[in-house]
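> Structure for this input, please:
(one chain, ligands or ions: 1)
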Amino acid sequence: MRIKKGDLVEVTTGADARKQPRKVLEIVQDGQKVIVEGVNRVYKHVKRGHPKAPQGGRLSLEMPIAISNVALYCDSCKKGVRVGVKYDDKGAKSRVCRKCGHVFNVISPANPKYATQSK
Ligand SMILES: [Zn+2]
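All right, here's what the predicted structure looks like:
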């Protein structure tokens with residue numbers, strides 16, 4: 001999976017599409033949808049006694065959007081980008097920006113089996 005909880009993403013389509021990073025709060029439906037902070041927000045009316053709204057009233061919450069509508073935000077490119085996977089010379093697997101090569105994070109530890117010749 002290319003997007004994980006806690007990632008910063010750009011929303012690429014829909015009413016909330018904006019070129020700014022937002023945080024992924026949750027991955028739902030087996031990775032088909034994501035909940036992104038402040039995106040696709042709805043107001044739900046709840047009765048008194050709701051754990052998050054003891055007085056009742058309106059509760060603001062984010063609804064899931066399709067994972068295909070978000071792109072991982074690259075700090076160097078300053079926008080959402082496509083993500084690639086790369087092995088370094090020690091065989092550690094990382095998520096990288098396909099545009100500029102920026103390394104987002106290491107997703108699996110060094111494994112000599114995948115070690116590449118250093119370039
Ligand atoms: Zn980049």
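> Low-confidence ranges, this protein, go.
Along the chain, the model assigns pLDDT under 70 to residues 1, 117-119.
> tell me which parts of it are close to the ion?
74, 76-77, 97, 99-100, 102 (C-beta under 5 Å from the ion). Every C-beta, even on glycine, is put in place using the N, C-alpha and C of the backbone.
> go with 8 Å
Taking C-beta under 8 Å from the ion as the contact definition, the chain meets the ion at 74-77, 81, 97-102.
> Quick check: the farthest pair among those?
Using C-beta to C-beta, those span at most 14.5 Å, a distance reached by 75 and 98.
> measure the residue of the chain most remote from its centre to residue 54 for me?
Largest separation from the mean C-alpha position in the chain: residue 48, at 33.7 Å (C-alpha atoms, centre = their mean). Going from residue 48 to residue 54 by C-beta to C-beta, to the nearest Å gives 7 Å.
> thinking again about what came up before, in PyMOL, select just the buried ones from the residues of the chain next to the ion.
Of the residues of the chain next to the ion, the buried ones can be selected in PyMOL as follows, counting by 16 or more other C-beta atoms under 10 Å:
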select buried, resi 74+81+97
